[in-house]
Structures are given as C-alpha cells and as structure tokens.
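> can you look at this prediction? I've put the sequence above it.
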Amino acid sequence: QQNVQQSPESLIVPEGARTSLNCTFSDSASQYFWWYRQHSGKAPKALMSIFSNGEKEEGRFTIHLNKASLHFSLHIRDSQPSDSALYLCAVQWGGRALIFGTGTTVSVSP
Amino acid sequence: EAAVTQSPRNKVTVTGGNVTLSCRQTNSHNYMYWYRQDTGHGLRLIHYSYGAGNLQIGDVPDGYKATRTTQEDFFLLLELASPSQTSLYFCASSDAGTNNYAEQFFGPGTRLTVL
C-alpha cells in the first residue's frame, strides 16, 4: 500500500517570502507526481506535475523530484495572500488512481 | 475546462439511512472517481471507474457502493449510513490513457452529515 506523507502540517509565511512544502512516498515504482491546491470551501485544483527527476518551474512555483530519495517538494517564491490554501501532494503509479497526502495548510500573512 | 457537478451539495441523514450522491461530468472523460476528505487524512479514494458499467475498488471502500451508469454519471451509495461516514465527498474525472496520467478535475463537493 502506497504511503504518501506531507510536512509540515501547516505553516505561516510572511507576504513576499519563499516557502517549501515536502512530500514523501513509499513506492519506488511511482511514476507521476502532482501538487494540487485547495482554497477554503473550494474543490482541489491541479497546480503542477512532474514525472522525471529534477526540477520544473512555472511562474512562482517550482517542483523538485528525487525518486531515489522517495521525495518531492513544492517551492513558492514571493508568497502572496492568494497562495493561502491547503496544498495536497499526490502520486500515481501502475495505472492506478492518484494517492493523496494528508495536506499542508499554508497561510500567507500580509 | 472540465465541468464536474455534484448533487446534493449538502445532505443530512440518520444512522442506518440510505444516501445516494450523484456526480455528472460533461467533458467525455473516461475516468471518474469518488473521494472523501477528512481533516488529517487528505483525500482518500473510495471507488473509481474507467467507463460505463466498470467499477474499481479504491482504498477505503467499506460501507460504500458505486455505480457508473453512463459515461457522464457516477453515483456513490451508502445503504446503511453510519456517523463515521460524515465527511466531505468529492467526485473527480480525468481523460486518462492506459497509463492513467492525466489531471483530475474535481466537483464542488457534497457535505454529508450522518446523525
């Protein structure tokens, strides 16, 4: 059974700061790695995905993936109040559906 | 963007009651999913389907049945609801190929309370 864990559970960051969210997974056969973002009272929505080792940048958001370490992360630079949300990492492998982590709540303070 | 709708948006029932949650997607996606979301547990997969008449068991299936009647419609059934099934339920769809790599689009959610 795939085990996907996130850290920290929550964090408060000042506006304009950089923040990092972590996700670990247990199955080395995992193939695709996602970050979803869920604003309060809303549905989760895909933010970014990656499927090969390394780094991928889209605007203020960057994903790092290290399959050997069973770890990937999301980095947000120049954090904005609109980034306040629940961030969910998710892993896919072997044609199965996404397995989500427990989430990190980010609060950006003006 | 994919359109996924859910009904009802809120539901209150009593222990032992029957509940049906409905989900419809209008973008001809082949895969549909049911998740529950609880504080501290993230999103947990209940059941999913890759087409009409197909059903795949997820990670927390106990106490739930599901049925995919058409490409568009996926239903979640709780035949003997229990308080432990009080949760926020999300439906999602995706246009996944054989490797199942595709963004999932979520509906707005149904909040279910079992008294």
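On my side now, so go ahead. Residues are numbered from 1 along each chain as shown, chains lettered A, B, ... in the order given.
> switch to C-alpha atoms for all contacts and neighbour counts from now on
Fine.
> same question for stretch A:103-110, mean pLDDT?
Mean pLDDT, stretch A:103-110: 95.
> brain fart, stretch A:26-45
Mean pLDDT, computed over stretch A:26-45, is 93.
> skip the chain neighbours and tell me the closest residue to the closest residue to chain B within chain A.
For chain A and chain B, the shortest gap (CA to the nearest CA) falls at A:Thr102, measuring 3.9 Å. Nearest residue to A:Thr102 in three dimensions, chain neighbours excluded: B:Gly42, at 3.9 Å (CA to CA, 6 or more residues apart in numbering or on different chains).
> for chain A, what are the nearby residues on chain B?
Residues of chain B lying near chain A by CA under 8 Å from any CA of the partner chain: B:40-45, B:48, B:90, B:98-101, B:103-109.
> and those residues, which are buried?
B:42-45, B:48, B:90, B:100-101, B:103-109 (16 or more other CA atoms under 10 Å in any protein chain shown).
> of those, just say which sits nearest to A:Tyr32.
Proximity of those to A:Tyr32 (CA to CA) peaks at B:Tyr101, which lies at 7.0 Å.
> report the central residue of chain B.
Among the residues of chain B, the one closest to the centroid is B:Trp34, at 2.4 Å (CA atoms, centre = their mean).
> so whatever residue of chain B ends up closest to chain A bridges to which residues?
Using CA to the nearest CA, B:Gly42 is the residue of chain B that sits closest to chain A, at 3.9 Å. Using DSSP bridges, the bridge partners assigned to B:Gly42 are B:Asp38.
> A:Ala43 belongs to a helix?
No - assignment of A:Ala43 by DSSP: H, G, I helix; E, B strand; the rest coil gives coil, placing it outside any helix.
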